[in-house]
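Visitor: This is a predicted model, with the sequence first.
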Amino acid sequence: MSTFHEGASSSQPYKDPTPLPASIPKVKEVGATSAPLKSAAFFFGAYCKEYNEDFMLCKGENRDPAHCLKEGRRVTRCATDLITKMRENCLQQFEEHWQCLELNNQEYAPCRKPERVLNKCMFEKLACFSLAYAGLVKTIPGTPAGQTPVHEVEKPFFGRMQK
Amino acid sequence: MPVPWEALIPFGLVTVMFGTAGTLLNVSKRAQNEGKAPRYHIDSWEGMMMDRDRRLTGHARKQSDNPTAPDGFETSSAWYSEPAQ
C-alpha cells in the first residue's frame, strides 16, 4: 500500500538531487552556527578582508552563482581558518561571548563585557599571526564624529529585554 | 476583632493561577528552545541562519563552533529547489 506523504514531512533529511559536478574543487563548509559566527564577525572582517572584498566585487559584476565559485571557496577557507585559530587561542572567551549572545536574542548590546574580553584576547593573538594585524582595534565605520562608538559606551541607556 | 482572612483567599487563588499559568508557559517555551528564551524579531536573514543551524546541528537553537561542517551538509540545502522569485 502506498500512502501519500506531503513533501515537507520527510523522514530523511533533504538531499539535493543535483549536487555540484566533480570538476569543481571541493572545500569543507564552515561548521559554526549563527551565534559563534556573529561573535566572530568583526574578526572575520579584519582577518579575511581581502578575500571578502574580492568576493563582493566579483558578485557585483555578476550575480550568477557559477561566476564567483573560486572567490567563494577562498572566503570559506579563510573563515574555517579563522574559527580554528580563534578556538586554539581564545576558546574560553569566544564560547563565553557567543553563549551570552544566545541568551540575549543574538544582540550585541547586552554582551559588551564578554565582548571586550574577547576583543582584547583576539587582537593580542591576531598580532602574533602577522604584523599586518598589530594595533588592530574594533571600529564601527560611520560613527558620527565626536560620539563614542556604541561598543565603547560604558553605561548604555537601554538594557536587555526583561525576562 | 477577628481579621477577615477569608477575603484574601480569592487574591491568593488569582495570584497562584496567574503564576502557575505563566510559569508553565515559560517552561514550555524554554523546552522548545533548548533551555533558552525564544528568539524574537526574526527577519528573513535570521530565519535563514536558523534554518542553516538546523541543517548543521539538527535543531534551530542548538549551536556549535566546529570549524568544519558535518558530512552531508553540502547537499542538505533545499534552497536550490525552491521556486525562483
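Guide: Looks like it arrived, so ask away.

Visitor: Quick check: pLDDT value at the residue nearest in space to the middle of chain A.
Guide: Central residue of chain A (CA atoms, centre = their mean): residue A:37, 3.2 Å from the mean position. pLDDT recorded at residue A:37 is 96.

Visitor: can you pull the pLDDT of residue 60?
Guide: You didn't pick a chain, so chain A it is. In this model, residue A:60 is scored at 97, pLDDT.

Visitor: wait, I meant chain B there
Guide: Reported pLDDT for residue B:60: 94.

Visitor: What of residue A:54?
Guide: 96.

Visitor: wouldn't it be in contact with residue A:74 here?
Guide: Yes: between residue A:54 and residue A:74 there is a contact at 7.0 Å, judged by CB atoms under 8 Å. The C-beta positions use only the backbone N, C-alpha and C, and glycine is treated the same way.

Visitor: Below-threshold pLDDT in the chain: ranges please.
Guide: Reading this off chain A. For chain A, applying pLDDT under 70 flags the ranges A:1-9, A:130-135, A:163.

Visitor: That was the other one, I meant chain B.
Guide: Scanning chain B for pLDDT under 70 picks out B:85.

Visitor: Residues of it that sit close to chain A?
Guide: Contact residues, chain B versus chain A (CB under 8 Å from any CB of the partner chain): B:36-37, B:39-41, B:46, B:49-50, B:52-53, B:55-57, B:61-70, B:72-78, B:80-81.

Visitor: from these, which ones fall inside helices?
Guide: Among these, DSSP state H puts B:46, B:49, B:50, B:52, B:53, B:55, B:56, B:57 in helices.

Visitor: which residue packs closest to the first one, ignoring adjacent ones?
Guide: What it means is residue B:46. residue B:39 (7.0 Å; CB to CB, 6 or more residues apart in numbering or on different chains).
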